[in-house]
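Trainee: Just the structure for this:
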Amino acid sequence: MKFLCLAFGDEKKFEEMSSGELEEISGKCQALDEVLRKSGHMVAMGALGLTPDAATVRTRKGKFR
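Mentor: Numbering: from 1, shown residues only. As a prediction, the model looks like this:
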């Protein structure tokens, strides 16, 4: 069985952080990624785009709009 883990943050909060704060968060994320990889629990990972680049897909009565 496989699971999806989605982690996200408020882009505006990241913009307000200092470079030191961003480096600290990045380091913690990379450390967790390494643990998950070494244990065989991470199958794949990828980054999503930024909010302004997002697209919304809607359906109405079973048809895409």
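Trainee: Mind naming the longest helix for the protein?
Mentor: helix 19-38 (DSSP state H).
Trainee: strand partners of the next helix-or-strand element following that helix, parallel vs antiparallel please.
Mentor: Using DSSP states H and E, the helix or strand that directly follows helix 19-38 along the chain is strand 59-60. Strand 59-60 has the following strand partners under DSSP bridges: strand 63-64 (antiparallel).
Trainee: And for the partner strand, what's in contact with it?
Mentor: Residues from elsewhere that reach strand 63-64, judged by CB atoms under 8 Å, 6 or more residues apart in numbering: 57-58. Just so you know, the C-beta spots here come from the backbone N, C-alpha and C atoms, and that holds for glycine as well.
Trainee: Distance from the chain centre to it, please.
Mentor: Relative to its chain's centre, strand 63-64 lies at 27 Å (CA atoms, centre = their mean, to the nearest Å).
Trainee: Also stretch 2-22?
Mentor: 8 Å.
Trainee: ok, and what's touching it?
Mentor: 25, 43, 48, 50-51.
Trainee: Mind listing what's buried along it?
Mentor: By 16 or more other CB atoms under 10 Å, stretch 2-22 has no buried positions at all.
Trainee: Can you tell me which of the contacts of stretch 2-22 lies closest to residue 1?
Mentor: Nearest to residue 1 among the contacts of stretch 2-22 is residue 43, at 11.4 Å by CB to CB.
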